[in-house]
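*Asks:* Have a look at this fold, sequence not included:
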């Protein structure tokens, strides 16, 4: 009798855990739909409103500027109060309000302020969701890639669908689609189970040695250099393709190719990635970025440029999976949200701020080809750096 009760309890726990796994995948799918609109269509929306490349670059750089503070703020708050779900809901509610502001803004100055607050709530979503996934799969046989790939599927499918819809209705409908995807994310976030770290209240005395260690800081510096080129491509690819005659649908197709290419890469890395050391793998990523950017500005056809974005999985997908795996090794569980926030500030905040402002100026004052040449040089420098650090570490060992 007791054994039957134990079996029923175990089955009930397993069923609840499986439901939560499904909820997390659905939530990742949904909030990556919003990201697809922000990355692939929002610059085109701003252009349809009559803003210049420099103004769009300024608006694009506001996100990283807000993210530098927001990621650290929400990451520390999450660790301090040992909650991720509640912070996710607060951030989604903030985005909901700001999208209404985007719809009714009356000037560029007001839009700048609105976008600052929008990104304050939007940029922490990625690291918080990653932390939620990593804590959920801890002590289970599930892999990070099996959850993150649903975000890629959401990004890919919505990039294609929204690109097609906006091609029919006009770019001004972008913000209404953002409104809908944020509402969907709020609904899907509510049933998520709260995941906590190993401490009920965070002891900050141990975090500074972790975040100021030479290993951690060197890693962040190389990530910053590598992601400068990536963020330039993120911010200006849609505009660059439109100049070459691409429609909203073709731009959406490019991002569909990019995000869908992450899925097989995540699958293969979850199975075989552990056989390769992280730092040399990141060095290989830098070389692949050089090839991707070279092809992007040498291929003249918009459809050809879209197909080049299939390299996104081998570049950003491999970078993200490998960097997070390395981060898991050097940051303890109780500081995961803060460590993830600092990492995100580096590649989204710092790299995004420089790439948006400087990239916008280069695009307006010189040309897009110069922008991509700079991205190639930066990617090559990061690649050499990762290989060099690995070589020194191996000799020290």
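*Replies:* Arrived safely, thanks for sending. All of these numbers come straight from a predicted model, not from anything done at the bench.

*Asks:* Can you name the residues that contact residue 235?
*Replies:* 43, 57, 60, 352, 355-356, 359-360 (C-beta atoms under 8 Å, 6 or more residues apart in numbering). The C-beta positions use only the backbone N, C-alpha and C, and glycine is treated the same way.

*Asks:* quick one: which of the residues you listed is nearest residue 296?
*Replies:* residue 359 (13.8 Å; C-beta to C-beta).

*Asks:* what separates that closest one from residue 233, distance-wise?
*Replies:* Distance of residue 359 to residue 233, given as C-beta to C-beta, to the nearest Å: 9 Å.

*Asks:* In terms of neighbours, single out the busier of the two.
*Replies:* Taking neighbours as other C-beta atoms under 10 Å, residue 359 and residue 233 compare with residue 359 leading, 27 against 24.

*Asks:* Flag every buried residue along stretch 300-316.
*Replies:* 302, 305-306, 308-309, 311-316 (16 or more other C-beta atoms under 10 Å).

*Asks:* So what's the gap between that stretch and the chain middle?
*Replies:* Computed by C-alpha atoms, centre = their mean, to the nearest Å, the chain-centroid distance of stretch 300-316 equals 18 Å.

*Asks:* Give me the mean pLDDT for it.
*Replies:* The average pLDDT for stretch 300-316 rounds to 93.

*Asks:* Can you tell me the centre-most residue of the protein?
*Replies:* residue 126 (5.7 Å; C-alpha atoms, centre = their mean).

*Asks:* Do a quick rundown of the helices in the stretch 251-397 of the chain.
*Replies:* Remark: helices assigned in the stretch 251-397 of the chain by DSSP state H, counting those that start in this stretch are 262-272, 278-298, 302-308, 312, 318-330, 336-344, 351-365, 368-396.

*Asks:* Identify whichever of those lies nearest to residue 194.
*Replies:* That would be helix 336-344 among the helices of the stretch 251-397 of the chain, by C-beta to C-beta, at 13.1 Å.

*Asks:* State the mean pLDDT of that closest one.
*Replies:* Per-residue scores along helix 336-344 average to 74.

*Asks:* which helices and strands sit right next to that helix?
*Replies:* With contacts taken as 3 or more C-beta pairs under 8 Å, 6 or more residues apart in numbering; DSSP states H and E, helix 336-344 sits against helix 53-81, helix 125-137, helix 207-211, helix 214-243, helix 318-330.

*Asks:* mean pLDDT for the ones you listed: which is lowest?
*Replies:* helix 207-211 (a mean of 69).

*Asks:* Show me the shaky parts of the stretch 1-150 of the chain.
*Replies:* Within the stretch 1-150 of the chain, the segments meeting pLDDT under 70 span 1-14.

*Asks:* that older thread, now, which of the contacts of residue 235 sits nearest residue 145?
*Replies:* Distances from residue 145 to these, taken by C-beta to C-beta, are shortest for residue 352, at 24.4 Å.

*Asks:* what's the next secondary structure element after the helix or strand containing residue 32?
*Replies:* Secondary structure assigned from DSSP states H and E places residue 32 in helix 2-36. For helix 2-36, the following helix or strand on the C-terminal side (DSSP H and E) is helix 42-48.

*Asks:* Verify the contact between residue 173 and residue 163 for me.
*Replies:* No - judged on C-beta atoms under 8 Å, residue 173 makes no contact with residue 163 at a distance of 11.8 Å.

*Asks:* Among those two, which residue is more densely surrounded?
*Replies:* Ranked by neighbour count (other C-beta under 10 Å), residue 173 and residue 163 place residue 163 first, with 26 against 15.

*Asks:* Find me the pLDDT at that one, would you?
*Replies:* On the pLDDT scale, residue 163 gets 84.

*Asks:* Name the helix or strand for it, please.
*Replies:* helix 144-169.

*Asks:* what angle do the following helix or strand past that helix and helix 125-137 make?
*Replies:* As assigned by DSSP H and E, the chain's next helix or strand after helix 144-169 is helix 174-189. On the basis of axes from the mean of the first three to the mean of the last three C-alpha atoms, to 10 degrees, helix 174-189 is oriented at 20 degrees to helix 125-137.

*Asks:* Can you list the helices and strands that helix 174-189 packs against?
*Replies:* Using 3+ C-beta pairs under 8 Å, 6+ apart: helix 174-189 touches helix 2-36, helix 42-48, helix 85-103, helix 144-169.

*Asks:* Just the residues contacting that helix, thanks.
*Replies:* For helix 174-189, the surrounding residues in contact (C-beta under 8 Å, 6+ apart) are 23, 26-27, 30-31, 33-34, 37-38, 41-42, 44-45, 85, 88-89, 92-93, 95-96, 99-100, 102-103, 158, 162, 165-166.
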